[in-house]
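1. I would like the atomic coordinates for the input below:
(one chain, ligands or ions: 1)
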Amino acid sequence: MIKVNSGFSRLKSNYLFAEIARRVGEYKNTHPDDALVDLGIGDVTLPLPSAVVDAMHHATAEMGRKESFRGYGPYYGYNFLREAIAENDYRGRGIEVGADEVFVSDGCKSDCGSIGDLFSEDTRVAVCDPVYPVYIDANVMDGRSGVFDDSKGKWPGIDTLYCGPENDFVPDVPSGDEACLIYLCFPNNPTGASINKAQLTAWVDYALQTGSIILFDSAYEAFITEELPHSIFEIEGAKKCAIEMRSFSKTAGFTGMRCGYTVICKELMVDGISIRDMWIRRQATKFNGVSYITQRGAEAIYSTEGKGQVRANIDFYMRNAARLREGLFAAGYDVFGGVNAPYVWVKTPSGEDSWAYFDYLLNEKGIVVTPGSGFGDAGEGFFRMTAFGSEESTLEAIRRLSEKCGHVSSSSGLTT
Ligand code: PLP
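-> Here you go, the predicted structure:
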């Protein structure tokens, strides 16, 4: 008899968003006339930049003509896009990355899940806590986690790196010397935290010393506003120990378009084997590329017009983030993030647990947030709000939250 992958039965149920949907559905059934403000889900709301739409129209017309029609594209992305990425996101920032080290994909989530194909089942894994859940679930499916130990509340094959207010939500480098796959995500989802050059250097040094590999998810790189590293490859030695993954989803409104990329440099070798070559082999076998039309749309992000439009969209979201930060602070909350990331991470005011406070906000304020405990144990007692909503819903959420303490900051101008 065929045996199914036992990793799937080890997965914990995808409780977070299903449970949010259940509770929100229940509320809507009993309060059909109430307008909820939803700042829970991390999806963009602004439409695609017009430069992207124009480029896709043009590409669509090309696909409709015999002389310019294209069938299967290269597995790793068209050279025009790989070159635009290498030039704008790397060389333009003084980082020498070749187009042949850039691998275009249908998004960062796919790459986060697929990269595990390159590493053996007994490789140790380290993830932040709280964490974007895909990193854990992908490794559970791949058999790297072991069976969840209820008594310890841990996966035996997965180390968790605590991130809290005490370390500014940036994990401390461990004292051990075991090689592992280390997932770092900065700017961070869910905490909105960012990592500075010294902190990232410490991680790169640690990876080099221990033979570890850092999987650096920088899906939110475009939201950085302060003097911080935009790429792990800005750090000396990182090409030998890191893989970087990026996404056009949040940067340019591509959540429904699907395009991102992974950078693996030629210097990244394990036991004399090129990880880049393995990824080439893996993608050639299991992936057939991103549509030509989508890649032309992605390329347009790097045109002068596209850059301006993308900047305007990001600025819009970051104004929402600033409003959330200031408004929540004025309302008496401890607020983190929102400066270099489109998320704010908020402490429940009196130590309530995340779900209890979720219920309070839903039922008393008509606001949907994401309970922090859904991202890991260290998220307990926090909730996440996104800056991806409209200006109106952001301001309305702040107004409702401010009513709690009976004061609304008039100086911040947030109540209009
Ligand atoms: N990585 C992080 C940290 C994310 O928050 C998300 C989306 O929410 C993704 C990756 C997924 O990116 P993509 O849409 O490119 O698959």
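
2. does the closest residue to residue 77 other than its chain neighbours count as helix, strand or coil?
-> Closest residue in space to residue 77, ignoring its immediate chain neighbours: residue 104 at 2.6 Å, by CB to CB, 6 or more residues apart in numbering. No exception for glycine: its C-beta is placed from N, CA and C like everyone else's. Three-state assignment for residue 104 (DSSP: H, G, I helix; E, B strand; the rest coil): strand.

3. for residue 104, which residues make a bridge with it?
-> For residue 104, the beta-bridge partners are residue 261 (DSSP bridges).

4. how close does it get to residue 253?
-> Applying CB to CB, to the nearest Å, the value for residue 104 to residue 253 is 17 Å.

5. those two: which is more packed in?
-> In this view residue 104 and residue 253 are compared by other CB atoms under 10 Å, and residue 104 has more residues nearby, 26 against 22.

6. now do the helices in the stretch 201-350 of the chain.
-> Taking DSSP state H, counting those that start in this stretch as the criterion, the stretch 201-350 of the chain contains helices spanning 249-252, 275-286, 292-300, 304-330.

7. redo those helices as CSV? Include distance to the ligand and mean neighbour count.
-> Shown next, in CSV, are the helices of the stretch 201-350 of the chain (distance: least, CB to the nearest ligand atom, whole Å; neighbours: other CB atoms under 10 Å):
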stretch, distance to the ligand, mean neighbour count
helix 249-252, 3, 24
helix 275-286, 16, 16
helix 292-300, 11, 24
helix 304-330, 13, 19
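
8. can you redo those as JSON lines, where the extra columns are mean pLDDT and distance to residue 170?
-> Listed next are those as JSON lines, based on pLDDT from 0 to 100; distance: least, CB to CB, whole Å:
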{"stretch": "helix 249-252", "mean pLDDT": "97", "distance to residue 170": "20"}
{"stretch": "helix 275-286", "mean pLDDT": "98", "distance to residue 170": "25"}
{"stretch": "helix 292-300", "mean pLDDT": "98", "distance to residue 170": "30"}
{"stretch": "helix 304-330", "mean pLDDT": "98", "distance to residue 170": "18"}
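
9. list the contacts of the residue nearest to residue 77.
-> 76-78, 81-82, 85, 259-261, 289-290, 295, 298 (CB atoms under 8 Å, 6 or more residues apart in numbering).

10. out of those, which comes closest to the ligand?
-> Closest approach between the contacts of residue 104 and the ligand, by CB to the nearest ligand atom: residue 260, at 4.0 Å.

11. quick one: contacts for the closest one?
-> Counting by CB under 8 Å, 6+ apart, residue 260 makes contact with 104-108, 110-111, 219, 245-249, 254.

12. please consider this matter closed, and thank you.
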